[in-house]
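>>> sequence first, predicted model second:
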Amino acid sequence: MSGNSRQQYLERLIRAGIDIDDARLELDDFITASSGEDELEGFVSRREKGEPAAYILGYKDFFKDRFSVRKGVLIPRSDTEILVETALQFLGCNDMPLGDMADIPVYEDLSGRIRMADLCTGTGCAGLSVFLEMTRKGRDMRLIMSDISETAADCASSNIQNLVPEENKTLVSLLTEDVLTSDGSSYTSEGLLDVVISNPPYINDEDMKTLPFDVASYEPELALRGGPDGLSFYFRLAFISDKILKEGGALIVEHGYDQGPSVREIFEKQGFNNVTTLIDYGGNDRVTFGRKKHGR
């Protein structure tokens, strides 16, 4: 491809409203992924119409790995890496805790197999990132992932197959289940859990009306809409986690930038302690952490 052609593709992406730096990166990815000029033209044309690059490429880089992505499944965001890092901090596997991450206590019961559930898993990027980091460092871990969407479960299954070493595949299981109606029993067939993480739908009904075009037009509403106030899932997650966590275990959730106070209140009313909200790379509230009290 000539330099002039590359510049023309770049100008088309910029005219479509894509930031120039993002346009350069996306075009480089399209060039690498395409088999020739015709396919590259198709990629650029789809992106011009607003389709997210991750759906066009079929993957998204997240934390330390590349995850398969497909239409009908929420695209991983860098903000969700805070959820991963918080879980790793609690499990004593975060090598460089920065800022308020260092305030998260380390779990006292790290001697045996760690059992973790990732609820509303989507691509599986959060749960698998924790699992892969732990097992790479020689830690024994069992991961249970669940999602109501069969499309998401199928995508997560692909990521298990692609990313988890063969000898560890039996340590990861996947359920298709609605967390809003679950009693939590399917997550504890091998015993109570040490950690529950979740990046549930959390956009309220009003904000659903003003989503960016590429999100509203392409990403699944099922993974975005969190009820009238955006908090529907947090009440259920706190209730279920209180039943399925060991004493001292942790519930860690992602939420919207303005939902930290509400999520903390939900956790505290359910009886969790050490409730803390952590900020993302943009300085916004993004993840709330809480521990199940001893003696409950």
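Thanks, I have it.
>>> when you work out contacts or count neighbours from here on, use the C-alpha atoms and nothing else.
Fine.
>>> excluding chain neighbours, give the residue nearest to residue 229 in space.
For residue 229, ignoring the flanking residues on the chain, the nearest one in space by CA to CA, 6 or more residues apart in numbering is residue 204 at 4.8 Å.
>>> wait, the one you found touches residue 221, no?
No - contact criterion CA atoms under 8 Å: residue 204 and residue 221 do not qualify, at 11.3 Å.
>>> now do the same contact list for residue 223.
Counting by CA atoms under 8 Å, 6 or more residues apart in numbering, residue 223 makes contact with 73-74, 122, 200-201.
>>> quick one: the strands in the stretch 51-200 of the chain?
Assigned by DSSP state E, counting those that start in this stretch, the strands in the stretch 51-200 of the chain fall at 59-62, 65-68, 114-119, 141-147, 172-176, 193-198.
>>> which one, of those, ends up nearest to residue 264?
strand 193-198 (14.8 Å; CA to CA).
>>> hmm, back to that, turn the strands of the stretch 51-200 of the chain into TSV, columns for mean neighbour count, distance to residue 38 and mean pLDDT.
As requested, these are exported to TSV (neighbours: other CA atoms under 10 Å; distance: least, CA to CA, whole Å; pLDDT from 0 to 100):
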stretch	mean neighbour count	distance to residue 38	mean pLDDT
strand 59-62	17	20	98
strand 65-68	20	23	98
strand 114-119	25	40	98
strand 141-147	23	37	98
strand 172-176	17	38	97
strand 193-198	26	40	98
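>>> got those as a markdown table, with distance to residue 239 columns?
Output for the strands of the stretch 51-200 of the chain, formatted as a markdown table (distance: least, CA to CA, whole Å):
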| stretch | distance to residue 239 |
| --- | --- |
| strand 59-62 | 29 |
| strand 65-68 | 30 |
| strand 114-119 | 13 |
| strand 141-147 | 17 |
| strand 172-176 | 19 |
| strand 193-198 | 12 |
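>>> so which of the ones you listed is nearest residue 280?
Nearest to residue 280, of all those, is strand 59-62, at 14.9 Å by CA to CA.
>>> returning to that earlier point: run a quick neighbour tally on the residue nearest to residue 229.
Using other CA atoms under 10 Å, residue 204 has 18 neighbouring residues.
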